[in-house]
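K.L.:
3D, please:
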Amino acid sequence: MNDQGKEAAHPTPESTVAEEAATKTKVAFVPHDGRVEEVYANAIDVTWTPYDVRIRFGQFLPVQNPEEPRNWEIDERVAVTVAWAEAKFLRDTLTQVIERCETVNGEIKPAKIPI
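P.N.:
Residues are numbered from 1 along each chain as shown. Just a heads-up that it's a prediction; the model follows:
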């Protein structure tokens, strides 16, 4: 399915892995209660148990209080817990998306934080 709710005829280089999977299996993402929460993050932390993986997403922000001993903090925005099978699927999906992005835009390099 594409953004307009129509089935995609075939995957394109711009289509996401989820869109390609939806095209092959006739499954679509549907917003829960008519809405989807959007969260920005530029920091992650991962923990796990024998049953699942928990990913915390946050945003690096400069500390505004000059009396604080640290310069930066991570404002935790959301945590997502998935089963191991979904964690493997997420890994594979991100690998494919990153490879596509780098093919078009060049190597992604980690950002450096000015300290």
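
K.L.:
Show the average pLDDT along the biggest helix by length in the chain.
P.N.:
Counting by DSSP state H, the longest helix found in the chain is helix 84-105. For helix 84-105, mean pLDDT is 96.

K.L.:
do the same with stretch 44-52
P.N.:
So the average pLDDT for stretch 44-52 ends up being 98.

K.L.:
Which of the residues in it are classified as buried?
P.N.:
Buried residues in stretch 44-52, counted by 16 or more other C-beta atoms under 10 Å: none are found. C-beta coordinates here come from the backbone N, C-alpha and C atoms, glycine included.

K.L.:
residues in contact with that stretch?
P.N.:
The contact list for stretch 44-52 (C-beta atoms under 8 Å, 6 or more residues apart in numbering) reads V53, R54, I55, R56, F57, G58, T81, V82, A83, W84, A87.

K.L.:
and if we set it to 10 Å?
P.N.:
53-58, 74, 76, 79-87 (C-beta atoms under 10 Å, 6 or more residues apart in numbering).

K.L.:
Which residue lies nearest the spatial centre of the protein?
P.N.:
For the chain, the residue nearest the mean C-alpha position is L94 (8.0 Å; C-alpha atoms, centre = their mean).

K.L.:
circling back to that earlier point, of the contacts of stretch 44-52, grab the buried ones for ChimeraX.
P.N.:
In ChimeraX, a selection of the buried entries from these looks like this (16+ other C-beta under 10 Å):
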select :53,55,56,57,58,74,87
